[in-house]
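Enquirer: Mind folding the following:
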Amino acid sequence: MAEIAIVPDAVAGGAVAARDIAAIVTRNPEAVLGLATGSTPLTTWDALAAMREEGLDLSRTTGFALDEYVGIAPGHPESYRCVIDREVVDRLGMDRARVHVPLEAGQDPTTAGAAYERAILAAGGVDVQVLGIGRNGHVGFNEPGSSLASLTRIKTLHPHTREDNARFFGGSIDDVPVHCVTQGLGTILRARRLVLLAWGEAKAEALAGAVEGPVSAVLPGSIIQLHPSVLVVADEAAASRLTGSEYYRFAWDHRDDLAASSR
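Expert: I've put the predicted structure just below:
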């Protein structure tokens, strides 16, 4: 079962997630990080940037982004290559040459997925994968109906996903690409740790289904139930439909008891 941290807001949640990631990087300065885009992980990057100012060194880490749009112009500010460079690489002092997206400029989308899978394996696999969850339950751009064993490939974005992302394109859904290359659910499950973030009431139903519902391709986020090492961080609004929240809070508050008693 996942560890579930229910926090007051996204800023507090970002700090929790950042501490988890920083612990992994401290143990292994060459850790491989799975990088999510969008607004959800921004407070996590903020917290890691603050930790960098206090001495956390991410310069030797490697990064693999979850997804990239197909058909977006190279250098477009909302391409995920540009977003990752702007919001993660530059702020966290990562080496751009070691940070990858599933579709680089000039790559053939039909072969990019297989190449990305090889690159992840060659890097030794992902140590910690940061995830958001869409209101329809998607993780990465694995829309409802995605195979639980899927690998990095081309996907067609759901109209709801395009509507949600239109805010990054001046509010125009017509400017949001229709296709992407995304890590698959099987790819995500190979990561050694998952950190899933959820903020706001709009994510409450999807989060409840992912944590407590049946594992199903209809709700791709439910794959977290198949993974042995998961941290879910949700604010009060996103956690509002979790039926087991009383226990989750109790377990989180007592997570360090055994370690403390053994010292």
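
Enquirer: what about stretch 140-157, start to end distance?
Expert: 11 Å (C-alpha to C-alpha, to the nearest Å).

Enquirer: and the nearest residue to H100 once chain neighbours are set aside, which of the three is it?
Expert: In this structure, H100 finds its nearest non-sequential neighbour in F64, 5.3 Å apart by C-beta to C-beta, 6 or more residues apart in numbering. From N, CA and C alone the C-beta is placed, and that goes for glycine too. Counting by DSSP: H, G, I helix; E, B strand; the rest coil, the backbone at F64 sits in strand.

Enquirer: next one: the one 4 residues further on
Expert: Here E68 is strand, with the state taken from three-state DSSP.

Enquirer: Contact partners for it?
Expert: Residues near E68 by C-beta atoms under 8 Å, 6 or more residues apart in numbering: 79-81, 101-103, 180-181.

Enquirer: Helix or strand: which one has G113?
Expert: helix 109-122 (DSSP states H and E).

Enquirer: Correction: the previous question concerned V232.
Expert: Assigned by DSSP H and E, V232 falls in strand 230-235.

Enquirer: neighbouring contacts of that strand?
Expert: By C-beta under 8 Å, 6+ apart, strand 230-235 touches 2-10, 12-13, 16-17, 20, 193-200, 203, 207, 211, 224, 242.

Enquirer: Which residue ranges of the stretch 51-200 of the chain form strands?
Expert: 62-65, 67-69, 99-100, 128-131, 153-156, 179-182, 194-198 (DSSP state E, counting those that start in this stretch).

Enquirer: and the closest residue in space to R91 that isn't next to it in sequence, how many neighbours does it have?
Expert: Leaving aside its sequence neighbours, R91 sits nearest to A49 (C-beta to C-beta, 6+ apart; 4.6 Å). Each residue near A49 was counted by other C-beta atoms under 10 Å, and the total is 18.

Enquirer: Check which helices and strands the host helix or strand of A49 sits against.
Expert: Element membership of A49, judged by DSSP H and E, is helix 42-53. Here helix 42-53 touches helix 10-27, helix 90-92, going by 3 or more C-beta pairs under 8 Å, 6 or more residues apart in numbering; DSSP states H and E.

Enquirer: Which strands and helices lie in contact with the first one?
Expert: Same thing as helix 10-27. strand 3-7, helix 42-53, strand 128-131, strand 194-198, strand 230-235.

Enquirer: next one: the shortest one
Expert: Taking 3+ C-beta pairs under 8 Å, 6+ apart as the contact definition, the neighbouring helices and strands of helix 90-92 are helix 42-53.

Enquirer: Great, nothing more from me.
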